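*Asks:* with the sequence up front, the predicted model follows.
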Amino acid sequence: MQLTLHIWRQKSAGARGKMATYQVDANEHMSFLEMLDVLNEQLISSGQDPVAFDHDCREGICGSCGFMINGIAHGPQRGTTVCQLHMRHFKAGDELWLEPWRASAFPVVKDLVVNRSAFDRIIQAGGFITAPTGNAVDGNTIPVAKKYADRSMDAAACIGCGACVAACPNASASLFTGAKISHLGLLPQGQPERMERALNMVGQTQEEGFGNCGNIGECEAVCPKSIRLEVIAGMNLDYLKASVVWRPAGEESGAG
Amino acid sequence: MHLDSKSPSGPIEKRWDDSKFSNKLVNPANKRKYSVIVVGTGLAGGSAAATLAELGYNVKCFCFQDSPRRAHSIAAQGGINAAKNYQNDGDSIYRLFYDTVKGGDFRARESNVYRLAQISVSIIDQCVAQGVPFAREYGGTLANRSFGGAQVSRTFYARGQTGQQLLIGAYSALSRQIGAGRVEMFPRTEMLDLIVIDGKARGIVTRNLTSGRTEIHLADAVVLGTGGYGNVFYLSTNAKGSNATAIWRAHKRGALFANPCFTQIHPTCIPVSGDYQSKLTLMSESLRNDGRIWVPLKPGEKRSPNDIPESERDYYLERRYPSFGNLVPRDVASRNAKNCCDEGRGIGETGLGVYLDFADAIKRLGKNLVRERYGNLFEMYERITGEDPYTVPMRIYPAIHYTMGGLWVDYQLQSTIPGLFVIGEANFSDHGANRLGASALMQGLADGYFILPYTLGNYLANTKLENVAADHPAAKQALDGVDVLTKKLLSVNGKRTVDSFHRELGKIIWDYCGMARTAEGLRTALKRLPELRQEFWTNVKVAGENEELNQSLEKAGRVADFLELGELMCHDALDRNESCGGHFREEYQTSEGEALRDDANFSYVAAWEWKGEGVAQALWKEPLDFEYVHPSQRSYK
């Protein structure tokens, strides 16, 4: 099938970008990224710069890939990363516009590649349980009711791709941050640091320049792991509670 | 060269404890005076970097991905083994040790494997403490599933995303240390050479993948957790970026490469569908718990699978291996699939495939329970193939998945270069000639959380390390070498793309050094590979320039290394005149077609030494002794 692709080309972070148009011959068994591989082989052979795009596992789990296809993060198929999107969902003659994630907290590196290190810094601010290696108790001494383990796993399935931010009119990172806060907050191991975690992680999202959540739900619609909006509600509850009850370590009277 | 495994003696169950006690310690106040480089942030590298930083060392950590959370460990699906015996079904540390030595076809070091089995139980505890959401029973206790090569149920899992959840656990521990300023993290940075000064590993040369800038990083020790080399086959289940460059360039600096021909073909992957295909997708081995594998009884069958009556189906694994059935180890399952296809009984358009059928499981368990166990895998299969596995049997075929070979390390996980430690899939270590399912995650985390932190400290405490600076001639020479290589790749300006060379390399290796090997085929490969390498260096076309994000250039350097490594694999396979585990030489098989080992002549680790460009590598042997598990013909009947 013949396709027309309009792709955002930008040489580097500081350079001006523009849309460029290409023709490519695909077949229905290809994945979307394999179709781009074919285009890149053509470009290299004719002495042009191939289109840069992040990708790695191509199994929908590493979270590397992602860009907008006709304005939709990861393209038209719900619950699917762009690496798992197959060309049988398109037809000959289709015209597709490919653009990088758009958010000031995700500056463009080149073409369809953006810098998502802000997500790493949000995790560094509190997206963990302090459990130094070597002092863990037997796993079965911490029972976790199946329904909580399952819901925790639902939230933990986040792959950190950034589609939620790209789809949000406010470029909010609430679905990503809420997923991590819910994953850990639903487990007994996550309780001791729960309040601090909410304050620190939400604080970091603001520092990174992500917008606020307006409960629009675009994020949930494009999330390739179908993470639900309820994680944002959970985050907001934790944040609200923490804002009232939490005190910095120095202000508590120590137990020794 | 004498390869000293430093394997302790004495009763096997005490060896690791004794070794830990005899290892020297670094005083807590002195740890902050040492610096350690960790390359790779998968289960091994990520857990090592986090744990070393917790102990107080200054850690610099590197990954080529844009975030340490994306390392390829993330794609592991099925689970992680541990000898917890929560199921009360007869498991024990000794049994996990026994299964692993036997599963590896008696080509692994007993001391290492026993230690791995011992540590397995602590790994689960550590991961639970970090908040890994393992599957639970209704009462809240940890759930288990069965896996190939074992008759007990000892595999812990988090849906079909166990690798992801374990990696997120290690990544969160690493993130905590980055946030605390104890780890300096370098994402989108690739190691391109090892710096060896006075015979010790003292640093690395890196390229910043965004700016192209090359840099020298120095430290008191270097740890490689950079994964395996399955992508030498081009089509594999590895991530597209997975590469052997770090270990290969360390090899060229003097680290011996062990058992390169021990590669694992995973039996359950989605079959290849066309020549544009960029990678293969695994379907978790856990599917073999409930799925039944079959092919049509007669060759050339054209009916659709649901129209073929029971009496005309051959459930060949159940027929040939009644006690393990569909749960035979990976090498056995893969080879049997290949044999059926060779007999003309393969299915699908290409004839290279077999069915994995859930109809009976759905009848027995109901669709809902099957969905709960495997739902995400079924969805993934449907997304890729467009077929619904609840109603039509899955089509599967073997694909390269894991490499047991890697840099040679002793019991301390140290390579033949002092101060260079190698962990996880990057080393050759614990799986012998065939790895059992759910053991890679176990090994990566054992190395990173629980072994390296002890053995690295012992090295630092016992070693006098001079101060070195970036203007040291050895560092400068390594940096210049990297820049020269980059210029060379960019200046060939030939006619063929990097991918076209990579595909051709992969096809040669798959045809002659894949699931079945012969001396004749390997000689053919050894004739063609140098020709291909020569063509690469005179006819490759690399787009763009160095001073930018240049994915074409990144690939070119990696493929250049794969071209050399592929050749070493073939030499190793040709030299090993026996069959064992994943290394199946057609000349050496039992009358029933099983791998026929030659313990009298080949019970050793083959470790290869780089001798220079265009010179044959030297072979060194580490003999393997089996005091506990007596080598026997593996039988899963």
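*Replies:* Everything's here; your move. Residues are numbered from 1 along each chain as shown, chains lettered A, B, ... in the order given.

*Asks:* quick check, the residue in chain B closest to chain A?
*Replies:* B:Gly140 (3.0 Å; Cβ to the nearest Cβ). C-beta here means a position set from N, CA and C on the backbone, and glycine is covered the same way.

*Asks:* is it fair to say that residue lies in a strand?
*Replies:* No. Using DSSP: H, G, I helix; E, B strand; the rest coil, the assignment for B:Gly140 is coil, not a strand.

*Asks:* assign the residue nearest to it when sequence neighbours are not counted to helix, strand or coil.
*Replies:* Distance criterion Cβ to Cβ, 6 or more residues apart in numbering or on different chains; nearest residue to B:Gly140, sequence neighbours excluded, is A:Pro143 at 3.0 Å. With three-state DSSP as the basis, A:Pro143 sits in coil.

*Asks:* what is the neighbour count of A:Pro143?
*Replies:* Neighbourhood size, A:Pro143 [other Cβ atoms under 10 Å in any protein chain shown]: 15.

*Asks:* do the one 10 residues further on as well
*Replies:* By the criterion of other Cβ under 10 Å, A:Met153 has 21 neighbours.

*Asks:* same thing with B:Thr350?
*Replies:* Around B:Thr350 there are 14 residues (other Cβ under 10 Å).

*Asks:* please enumerate the helices of the stretch 151-256 of chain A.
*Replies:* A:163-167, A:174-185, A:194-208, A:218-222, A:230-245 (DSSP state H, counting those that start in this stretch).

*Asks:* what about those, which gets the closest to chain B?
*Replies:* Among the helices of the stretch 151-256 of chain A, helix A:174-185 sits nearest to chain B (Cβ to the nearest Cβ), with 5.1 Å.

*Asks:* the closest one vs helix A:230-245, what angle?
*Replies:* 70 degrees (axes from the mean of the first three to the mean of the last three Cα atoms, to 10 degrees).

*Asks:* helix A:174-185 near chain B at all?
*Replies:* Yes. Contact of helix A:174-185 with chain B (Cβ under 8 Å from any Cβ of the partner chain) involves A:His183, A:Leu184.

*Asks:* for that helix, which helices and strands make contact with it?
*Replies:* helix A:117-124, helix A:146-156, helix A:163-167, helix A:194-208, helix A:218-222, helix A:230-245 (3 or more Cβ pairs under 8 Å, 6 or more residues apart in numbering or on different chains; DSSP states H and E).

*Asks:* which residue packs closest to residue 7, ignoring adjacent ones?
*Replies:* Since no chain was named, I'll use chain A. For A:Ile7, ignoring the flanking residues on the chain, the nearest one in space by Cβ to Cβ, 6+ apart is A:Leu98 at 4.7 Å.

*Asks:* wait, chain B
*Replies:* Closest to B:Ser7 by Cβ to Cβ, 6+ apart is B:Ser111, at 4.2 Å.

*Asks:* follow-up on the earlier one: using TSV, lay out the helices of the stretch 151-256 of chain A together with mean neighbour count.
*Replies:* Putting these into TSV (neighbours: other Cβ atoms under 10 Å in any protein chain shown) gives the following:
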stretch	mean neighbour count
helix A:163-167	27
helix A:174-185	28
helix A:194-208	19
helix A:218-222	20
helix A:230-245	17
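
*Asks:* buried ones in the one helix or strand B:Val559 maps to, by neighbour count?
*Replies:* B:Val559 is part of helix B:551-575, with elements assigned from DSSP states H and E. Neighbour-count burial for helix B:551-575 flags B:551-574 (criterion: 16 or more other Cβ atoms under 10 Å in any protein chain shown).

*Asks:* intersect these with the contacts of chain A.
*Replies:* Among the buried residues of helix B:551-575, the residues that sit close to chain A (Cβ under 8 Å from any Cβ) are B:Gln551, B:Ser552.

*Asks:* make JSON lines out of the helices of the stretch 151-256 of chain A and add mean pLDDT.
*Replies:* Output for these, formatted as JSON lines (pLDDT from 0 to 100):
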{"stretch": "helix A:163-167", "mean pLDDT": "98"}
{"stretch": "helix A:174-185", "mean pLDDT": "98"}
{"stretch": "helix A:194-208", "mean pLDDT": "97"}
{"stretch": "helix A:218-222", "mean pLDDT": "98"}
{"stretch": "helix A:230-245", "mean pLDDT": "97"}
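
*Asks:* so what's the gap between stretch A:55-68 and the chain middle?
*Replies:* Relative to the chain's own centre, stretch A:55-68 is displaced by 10 Å; criterion: Cα atoms, centre = their mean, to the nearest Å.

*Asks:* stretch B:484-495 too?
*Replies:* So, by Cα atoms, centre = their mean, the centroid of stretch B:484-495 is 30 Å from its chain's centroid.

*Asks:* what sits up against that stretch?
*Replies:* Outside stretch B:484-495, the residues that touch it by Cβ atoms under 8 Å, 6 or more residues apart in numbering or on different chains are A:45, B:192, B:207, B:214, B:537-542, B:544-546, B:553, B:556-557, B:560.

*Asks:* in contact with the residue of chain B closest to chain A, which residues?
*Replies:* Counting by Cβ under 8 Å, 6+ apart, B:Gly140 touches A:Pro143, A:Val144, A:Ala145, A:Lys146, A:Ala149.
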